[in-house]
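Visitor: Got a sequence here, can you model it:
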Amino acid sequence: MKFNYISILFLFLLCSCTDNADSPIINVEKLFVNGDLTQNFAYDTDMMPVLSIGDEVEVILYLDGMGSELQTFQLDKDNELMTEINYAHSIVSNDANLTDEKNGRLRFKDGVMYTQLKVNATVQEIDTDNTVKLSFYLSSKAECETAQEIILFNLNLDTAIL
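Guide: Okay, here's the model as predicted:
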């Protein structure tokens, strides 16, 4: 009987994070280019214009722990982009060892299960590649997979700095 109980508990724990419903999600709600709020590219990134130096992109993300508390958000970017993260400061730890906004890392306070962030990115330079990317990662306090979202932007090589 004790063995059956332990086996069932072990199987429950093993399978608890195999279903995507338990993993956190990152949803790109809005994606605007150069302040044009009439054209939302969030659901059709293939239609985005080619970017040049000085172009700005605004990305609004919805983060959801899917029933678990959020733990860490990480923004990774290519060197060609300068980024800024806007968020409700009341939901993020102000401990410098946990939150490093300069390097794109936010550590959420206990109890935060979902939130919205805004990321502004500006093209600073263009190298010989014709794309640049923003990558977002989200983990929750559940022992599940980390959510990942990547957005690729096409760049105008005519304005490249070589």
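
Visitor: For the rest of this, base every contact and every neighbour count on C-alpha atoms.
Guide: Noted.

Visitor: Show me where this structure dips below the pLDDT cut-off.
Guide: Low-confidence segments of the chain (pLDDT under 70): 1-21, 128, 158-162.

Visitor: most centrally placed residue in it?
Guide: Phe136 (2.7 Å; Cα atoms, centre = their mean).

Visitor: In contact with that one, which residues?
Guide: Phe136 sits next to Ile26, Phe73, Gln74, Leu75, Asp76, Gln148, Glu149, Ile150 when contact means Cα atoms under 8 Å, 6 or more residues apart in numbering.

Visitor: do that again at 7 Å, thanks
Guide: Shown in contact with Phe136 (Cα atoms under 7 Å, 6 or more residues apart in numbering): Gln74, Leu75, Asp76, Gln148, Glu149, Ile150.

Visitor: Most neighbours among the residues you listed, please name it.
Guide: The most crowded member of those, judged by other Cα atoms under 10 Å, is Leu75 (22 neighbours).

Visitor: Arg105 versus that one, what's the distance?
Guide: 6 Å (Cα to Cα, to the nearest Å).

Visitor: What of Ile150?
Guide: 16 Å.

Visitor: what's the nearest residue to Leu70 if we skip its chain neighbours?
Guide: Ser140 (4.1 Å; Cα to Cα, 6 or more residues apart in numbering).

Visitor: Does that neighbour touch Glu69 like I think?
Guide: Yes. Counting by Cα atoms under 7 Å, Ser140 touches Glu69, with 5.6 Å between them.

Visitor: More neighbours: these two, which one.
Guide: Neighbours per residue, other Cα under 10 Å: of Ser140 and Glu69, the larger number sits with Ser140, 26 against 20.

Visitor: looking at this, Asp46 is in a helix?
Guide: Yes. Under DSSP: H, G, I helix; E, B strand; the rest coil, Asp46 sits within a helix.

Visitor: For it, which residues are in contact?
Guide: Here Asp46 is in contact with no residue (Cα under 7 Å, 6+ apart).

Visitor: burial measure for Phe73, as a count.
Guide: Considering only other Cα under 10 Å, Phe73 is surrounded by 22 other residues.

Visitor: What of Tyr87?
Guide: Residues near Tyr87, counting by other Cα under 10 Å: 14.

Visitor: just Pro49 next, same as before
Guide: 13.

Visitor: Helix, strand or coil: sort out it for me.
Guide: Assignment for Pro49 (three-state DSSP): coil.

Visitor: Just checking: what are the partner strands of whichever strand or helix holds the residue nearest to the centre of the chain?
Guide: Using DSSP states H and E, Phe136 falls within strand 131-140. When pairing is defined by DSSP bridges, strand 131-140 lines up against strand 70-77 (antiparallel), strand 147-154 (antiparallel).
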